[in-house]
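J.: Sharing a model that was predicted from the sequence below.
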Amino acid sequence: MTQTTPPGWHPDPGHSGIGPLQERWWDGSRWTDQLRIPPATVRRRRIRIGAGIAVGIVVLAAVGGGAYLLGDSSGDRTDSSAAAPAPSESPRLPGAPGGEGGQNGGQDGGEGQSPDQQMPQTEEGYATDAASGISIPVPDGWKGQSGAIGAGVTTGEYACPGDDAQTCVRGGVFSAPAQALKVEATTAKAAAEADIKANAEESYGEKIYGGITSHEELKSGAVTVAGQKGYLVRWKVVTKNGDDGYVESLAFPSPNVKSMLVVVRSGFDINAEAPKLSVLDDITKGIKEAEGSGSASGSGETA
């Protein structure tokens, strides 16, 4: 950039080639520390991973503990551990052949793709969120879904209570950059507190569960995740139809982009067939910096 270039967002000149290309703010004379995911990237992909995360290639919307597949505006289908868009189609995971790359690795990004379209590096036993620079552990029996922007793990498919043509899951944990969720906050605590209501409504909302009649805060406080100081808020929600549930919003700085907050949304049904809350704690502790992201890695643990 020259001094005659007006202030604005431009491709980050320091991009390492790992993960999607971000934009950095040029103030007219120098590069600042402000980074963002290009809005066109988020709009083009039109995905909702987990509880209303508008970020990736497939469109997922949270239902109960997890997500159901809504579709993909591009016409390309990726896999999801959630529900099919119609009863005649099987549930698919982003990460199986033709998808975004799964817990055991994905397809090659292909020649001619821009950095934000390339498949994330993935690790066996983890779902990788390349934009956030983190990997989420996939417990035994769960399904993992990796993405260039966003990732998640789910378990326990069943017919949704409000629409048996769609498939819900008993438990789900999903990540994305806070910006992709439109969470306006500058601290991890503020981000978690701002996101929990939207998380609850997306996870146990009107269409499938008849809406939430009440909620109780079960837990809130500081945590250390992937070596970063974060904050979580956990609610128990009561629904009109079907199972009640637990929802949690966790926020922390990205391990490789310090100016970017990551939000992890979780939802677990309250049901004998659903995973115990201790599993959610184990997943949180196991979140780590993604391999190759460029910073020192470390598992998350409660503070």
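T.: Cool, the structure landed. Numbers count the residues shown, from 1 in each chain.
J.: Average pLDDT for stretch 134-150, rounded please.
T.: Per-residue confidence for stretch 134-150 averages out to 92 on the pLDDT scale.
J.: tell me the helices in this protein, going along the chain?
T.: Counting by DSSP state H, the chain forms helices over residues 39-45, 188-203, 206-209, 277-286, given from the N-terminal end onward.
J.: for stretch 222-229, which positions count as buried?
T.: Burial within stretch 222-229, assessed by neighbour count using 16 or more other CB atoms under 10 Å, is assigned to 223, 224, 225, 226, 227, 228. To be clear about C-beta, it is placed using only N, CA and C from the backbone, and glycine gets the same treatment.
J.: and the second one, what pLDDT?
T.: Spelled out, that is residue 224. In the predicted model, residue 224 carries a pLDDT score of 97.
J.: Please tell me how far the closest residue to residue 261 other than its chain neighbours sits from residue 152.
T.: Leaving aside its chain neighbours, residue 261 sits nearest to residue 178 (4.0 Å; criterion: CB to CB, 6 or more residues apart in numbering). Spatial separation of residue 178 from residue 152 under the definition CB to CB, to the nearest Å is 16 Å.
J.: Could you do residue 183 as well?
T.: Counting by CB to CB, the separation of residue 183 from residue 152 is 17 Å.
J.: more neighbours, those two?
T.: Comparing residue 183 with residue 152 by neighbour count (other CB atoms under 10 Å), the higher total belongs to residue 152, at 36 against 20.
J.: Specify the beta-bridge partners of that one.
T.: Beta-bridge partners for residue 152, by DSSP bridges, are residue 145, residue 174.
J.: Then residue 127?
T.: In this structure, residue 127 has beta-bridge partners residue 136, where bridges are defined by DSSP bridges.
J.: That one: neighbour count?
T.: For residue 127, the count of nearby residues is 35 (other CB under 10 Å).
J.: Would you agree it is in contact with residue 145?
T.: Yes. With the criterion set as CB atoms under 8 Å, residue 127 and residue 145 qualify as a contacting pair; they are 5.6 Å apart.
J.: how deep is residue 200 tucked in, by neighbour count?
T.: Other residues within reach of residue 200, judged by other CB under 10 Å, total 25.
J.: okay, residue 53: pLDDT?
T.: pLDDT, residue 53: 37.
J.: got the CA positions of stretch 249-268 in PDB?
T.: What follows is the C-alpha trace of stretch 249-268 in PDB, where atoms were taken according to Å, rounded to 0.1, in the frame of the first residue of the first chain:
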ATOM      1  CA  SER A 249     -21.600 -20.600  24.500                       C
ATOM      2  CA  LEU A 250     -17.900 -20.500  24.900                       C
ATOM      3  CA  ALA A 251     -15.600 -17.700  23.600                       C
ATOM      4  CA  PHE A 252     -11.800 -17.300  23.500                       C
ATOM      5  CA  PRO A 253      -9.200 -15.600  21.300                       C
ATOM      6  CA  SER A 254      -8.000 -17.600  18.300                       C
ATOM      7  CA  PRO A 255      -4.600 -19.200  19.000                       C
ATOM      8  CA  ASN A 256      -3.200 -17.900  15.700                       C
ATOM      9  CA  VAL A 257      -5.100 -14.700  15.100                       C
ATOM     10  CA  LYS A 258      -5.000 -12.900  18.500                       C
ATOM     11  CA  SER A 259      -7.300 -10.100  17.400                       C
ATOM     12  CA  MET A 260     -10.100 -12.600  16.500                       C
ATOM     13  CA  LEU A 261     -12.500 -14.200  18.900                       C
ATOM     14  CA  VAL A 262     -13.800 -17.800  18.400                       C
ATOM     15  CA  VAL A 263     -17.200 -18.900  19.600                       C
ATOM     16  CA  VAL A 264     -18.000 -22.500  20.300                       C
ATOM     17  CA  ARG A 265     -21.700 -23.300  20.600                       C
ATOM     18  CA  SER A 266     -22.900 -26.500  22.200                       C
ATOM     19  CA  GLY A 267     -26.300 -28.100  22.700                       C
ATOM     20  CA  PHE A 268     -27.100 -31.400  24.500                       C
END
